[in-house]
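Chemist: Model the structure of this input:
(one chain, ligands or ions: 1)
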Amino acid sequence: MSRLEVRDLAAGYRRTTVVSGVSATVDAGGWLGIIGPNGAGKSTLLKAIAGLLGRSGEVLVDGRPLMSLPRRERARTIAYAPQIPQLPMGLTVTDYILLGRTPHLGPLGWEGQSDLEVVNELLTRLDLTHLAGRALHTLSGGERQRTVLARALAQRAGVLLLDEPTTGLDIGHAQALLDLVDELRTELGTTVITTLHDLTLAAQYADDLLLIADGTPAAHGTPAEVLTPDTLHTHYAARTEVLHTPHGTPVIAPTR
Ligand SMILES: Nc1ncnc2c1ncn2[C@@H]1O[C@H](COP(=O)(O)OP(=O)(O)OP(=O)(O)O)[C@@H](O)[C@H]1O
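Modeler: The predicted structure follows:
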């Protein structure tokens, strides 16, 4: 169970600041969706939270600064799946997902039965079992995407950061993935932050949404509070109608 707190975070590349003024708290088992137009800084923010970019401000997990944790403990604390991963192409799907277990292996680095069970469950849940022995470079885009997510989920970290996890996935595989993440947060108390372009999916899974525009927070609240036609017009230059499911969840319909 991990509570994540981001305090006045700013980050960028070389001398250019891309995101700034970001503060947010995600309770243990909570789900924060980061949304915003192309180039707004969502991926940069996620990388900065993961500790992969130079930044100012603070990221605390259960009150402890993330960067103060030893490397191995940090890997058990926070897992990150990038939008465009660099893959070691020679590996098989199973061996690649097993890499996610590295922070949990014993001193000799051998994987045990419990590690293999975690990997097998993910292969099943993400519809990858038939590809278990395939080399990564032979996978389709959606298969590769599910494999990358499986590796991040195998890490069983308390905080899960997923950058556009449904990109390239068909609607069924996208739902299966988000359902699995949702189960992890209810069963294990995993705290989740995802960037998502699909605003309807974001509204269905996240407790809260943080809208980033031009590198700064433009709106933060429940999906119903953030996803209004006015906000979408202002920040996305989009024409939309906001419908609602019988449960009251917003459904974003583009209009002509
Ligand atoms: N490695 C980099 N070096 C320099 N600038 C970068 C780098 N990566 C991203 N940027 C710039 O930072 C800004 C924010 O990029 P980022 O990828 O965080 O946006 P995003 O909101 O995730 O966009 P998208 O929705 O298009 O994926 C953009 O102007 C981008 O060109």
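
Chemist: Could I get the full set of strands for the stretch 51-200 of the chain?
Modeler: Ranges of strands within the stretch 51-200 of the chain are 55-61, 64-65, 78-81, 159-163, 191-195, based on DSSP state E, counting those that start in this stretch.

Chemist: Compare the ones you listed and report which one is nearest to the ligand.
Modeler: strand 191-195 (6.2 Å; Cβ to the nearest ligand atom). For the C-beta atoms, the positions are set from N, CA and C on the backbone; glycine is no exception.

Chemist: Tell me which other helices or strands the closest one touches.
Modeler: strand 16-26, strand 31-35, helix 42-50, strand 159-163, helix 171-188 (3 or more Cβ pairs under 8 Å, 6 or more residues apart in numbering; DSSP states H and E).

Chemist: Enumerate the positions of that strand that are buried.
Modeler: Neighbour-count burial for strand 191-195, counted by 16 or more other Cβ atoms under 10 Å, picks out Thr191, Val192, Ile193, Thr194, Thr195.

Chemist: Pick the one among those residues closest to Pro82.
Modeler: Thr195 (10.6 Å; Cβ to Cβ).

Chemist: Quick one: residues contacting Gly21.
Modeler: Residues in contact with Gly21, defined by Cβ atoms under 8 Å, 6 or more residues apart in numbering, are Asp8, Ala10, Thr216, Pro217.

Chemist: who in the stretch 51-200 of the chain is up against the ligand?
Modeler: Within the stretch 51-200 of the chain, no position is adjacent to the ligand by Cβ under 6 Å from any ligand atom.

Chemist: just the helices in the protein please.
Modeler: Here the chain has its helices, by DSSP state H, at 42-50, 71-77, 93-98, 113-125, 141-154, 171-188, 199-205, 223-226, 229-236.

Chemist: Including mean pLDDT and mean neighbour count, could those helices go into a markdown table?
Modeler: Formatted as a markdown table, the helices of the chain follow (pLDDT from 0 to 100; neighbours: other Cβ atoms under 10 Å):
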| stretch | mean pLDDT | mean neighbour count |
| --- | --- | --- |
| helix 42-50 | 96 | 24 |
| helix 71-77 | 89 | 14 |
| helix 93-98 | 94 | 22 |
| helix 113-125 | 90 | 16 |
| helix 141-154 | 91 | 22 |
| helix 171-188 | 90 | 15 |
| helix 199-205 | 96 | 21 |
| helix 223-226 | 95 | 18 |
| helix 229-236 | 95 | 16 |
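
Chemist: Of all those helices, which one comes closest to Met1?
Modeler: Once the helices of the chain are compared by Cβ to Cβ, helix 171-188 is nearest, at 8.2 Å.

Chemist: now the closest one against helix 113-125, angle please.
Modeler: 150 degrees (axes from the mean of the first three to the mean of the last three Cα atoms, to 10 degrees).

Chemist: If you compare the directions of helix 171-188 and strand 191-195, what angle comes out?
Modeler: Using the same axes, to 10 degrees: helix 171-188 against strand 191-195 is 150 degrees.

Chemist: list the helices and strands helix 171-188 packs on?
Modeler: Using 3+ Cβ pairs under 8 Å, 6+ apart, helix 171-188 is in contact with strand 31-35, helix 141-154, strand 159-163, strand 191-195, helix 199-205.
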